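Asker: Let me see the structure of the following:
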Amino acid sequence: MAGEGRERYLDVPGRPAPRSVGRETQWTRLALIDEWIGIEAELTWSPGAEISWGPVETISVSEAGFERIYQGTAFLLVWQLDDVSSEGWEFTTRLTTRAR
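Answerer: Below you'll find the predicted structure:
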């Protein structure tokens, strides 16, 4: 998947590119869509959590000099554990892919 392009985006307000950097609180889902390839990957979780995302890039040396090469997007889920009892805490995550 390419990191930029009108047909490649995160299914959130503003439709940012996969190569973007972002952070949102108390969400329960995020989808990565590539209309050019025709695929959607949806990540869901419960309970709601803060999610941050950003590009995974490598550095390559070419005739033009150093270049950043987009490899993918990293997602980080964060739950505040202030209300966790000594009895334990449960969460679920699910990744679903499908053709579009």
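Asker: Hmm, Thr96 and Trp45 touching each other?
Answerer: No. Between Trp45 and Thr96 there is no contact under CB atoms under 8 Å: 12.0 Å. (C-beta placed from N, C-alpha, C; glycine too.)
Asker: Identify the residue spatially nearest to the residue nearest the centre of the chain, adjacent ones excluded.
Answerer: Nearest to the mean C-alpha position of the chain, counting by CA atoms, centre = their mean, stands Phe75 at 4.4 Å. Distance criterion CB to CB, 6 or more residues apart in numbering; nearest residue to Phe75, sequence neighbours excluded, is Trp53 at 5.0 Å.
Asker: contacting residues around the residue lying farthest from the centre of the chain?
Answerer: Relative to the centre of the chain, the most outlying C-alpha is that of Glu63, 32.0 Å out, by CA atoms, centre = their mean. Residues in contact with Glu63 (CB atoms under 8 Å, 6 or more residues apart in numbering): none are found.
Asker: That one and Leu43, how far apart?
Answerer: From Glu63 across to Leu43, the span is 38 Å (CB to CB, to the nearest Å).
Asker: do the same with Phe75
Answerer: Taken as CB to CB, the span from Phe75 to Leu43 is 7 Å.
Asker: With only the CA atoms kept, save stretch 17-24 in PDB.
Answerer: Provided in PDB are the C-alpha atoms of stretch 17-24 (Å, rounded to 0.1, in the frame of the first residue of the first chain):
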ATOM      1  CA  ALA A  17      -3.400   9.500   4.400                       C
ATOM      2  CA  PRO A  18      -1.900   6.400   5.900                       C
ATOM      3  CA  ARG A  19       1.400   8.200   6.000                       C
ATOM      4  CA  SER A  20      -0.100  10.900   8.300                       C
ATOM      5  CA  VAL A  21       0.400  11.300  12.000                       C
ATOM      6  CA  GLY A  22      -2.600  11.500  14.300                       C
ATOM      7  CA  ARG A  23      -4.200  10.800  17.700                       C
ATOM      8  CA  GLU A  24      -7.800  10.500  18.900                       C
END
